[in-house]
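A.B. asks: One predicted model, sequence on top.
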Amino acid sequence: GVNVTTGNNNVLIGEVAGYRVSVGGNNTHVGTRAGYYASGSNNTFLGYQAGLGGTTSAPYSSGEKNVAVGYQALDAFTTGFDNVAVGYQAASAVSTGGSNVSIGYIANQNLTTGVDNIAIGAYAGDAMTGTGYSVLIGSFAGSAINSTDANGTVAIGYQAGDAITSGQVNTAVGYQALSA
């Protein structure tokens, strides 16, 4: 936190962790380059480049109330808010999206602007970009969804809904339900 000027209550541990925190407060950044470009408040980033931040010049990444745990989890956020990303590259493309929960190996990996999504499981929702209001639980659940035309999808189970690319408010429950 070499740039901290008026920020308070920050814990920054690791090589250049929280480097761009200047006025943000109540942050915990642990790991090499964790929260490097993050300037917002109330963020918790644990792991190599977790919460790195996608805005590399002033005003930097000002998103707030985010939690990222894992290698490059939530590393592209800009103004994204209220996101939880746990796992290797979980929610790694989220820029402005908010209120997303991404837990698992590359869960919601390509999500950028989507809001109010829950993806739990390896590869769950990994192709989504702007989709919102979806619940995907299970490895590969909703893994082919790539359109906002699939808003409101619920897919629970291994590969559940992995054939869905668009089509709103679908529900798939069970092993390979609505699978290719």
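C.D. replies: Looks like it arrived, so ask away. Numbering: from 1, shown residues only.

A.B. asks: Any chance you could list what contacts stretch 112-120?
C.D. replies: 76, 93-104, 107-108, 111, 125-126, 128-138, 141-142 (Cβ atoms under 8 Å, 6 or more residues apart in numbering). (Each C-beta comes from the backbone N, C-alpha and C, glycine too.)

A.B. asks: how about 6 Å then?
C.D. replies: 93, 95-104, 107-108, 125, 128-137 (Cβ atoms under 6 Å, 6 or more residues apart in numbering).

A.B. asks: Now intersect these with the strands, please.
C.D. replies: Among the contacts of stretch 112-120, DSSP state E puts Val101, Ser102, Ile103, Val135, Leu136, Ile137 in strands.

A.B. asks: for the residues you listed, which one is nearest Ser179?
C.D. replies: Leu136 (12.9 Å; Cβ to Cβ).

A.B. asks: Just to check, the closest one is in contact with Ala124?
C.D. replies: Yes: contact criterion Cβ atoms under 6 Å: Leu136 and Ala124 qualify, at 4.5 Å.

A.B. asks: Check whether the spatially most central residue of the chain sits in a helix, strand or coil.
C.D. replies: The chain has Ala91 as the residue nearest its centroid, 2.9 Å off, counting by Cα atoms, centre = their mean. Of the three states, Ala91 takes coil under DSSP: H, G, I helix; E, B strand; the rest coil.

A.B. asks: wait, is Ala85 part of a strand?
C.D. replies: Yes: assigned with three-state DSSP, Ala85 falls within a strand.

A.B. asks: tally of neighbours for it?
C.D. replies: When counting by other Cβ atoms under 10 Å, one arrives at 34 neighbours for Ala85.

A.B. asks: Quick one: low-confidence residue ranges for this protein.
C.D. replies: Along the chain, the parts satisfying pLDDT under 70 run over 1.

A.B. asks: which stretches of it form strands?
C.D. replies: Under DSSP E, the chain gives strands at 11-13, 28-30, 44-46, 67-69, 84-86, 101-103, 118-120, 135-137, 154-156, 171-173.

A.B. asks: okay, those strands in CSV with distance to Ala180 next?
C.D. replies: As requested, the strands of the chain are exported to CSV (distance: least, Cβ to Cβ, whole Å):
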stretch, distance to Ala180
strand 11-13, 45
strand 28-30, 40
strand 44-46, 36
strand 67-69, 31
strand 84-86, 27
strand 101-103, 23
strand 118-120, 19
strand 135-137, 16
strand 154-156, 13
strand 171-173, 12
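
A.B. asks: So what's the residue count around the closest residue to Glu64 other than its chain neighbours?
C.D. replies: Nearest in space to Glu64, with sequence neighbours left out and distances taken as Cβ to Cβ, 6 or more residues apart in numbering, is Gly40 at 4.1 Å. Gly40 is flanked by 27 other residues according to other Cβ under 10 Å.
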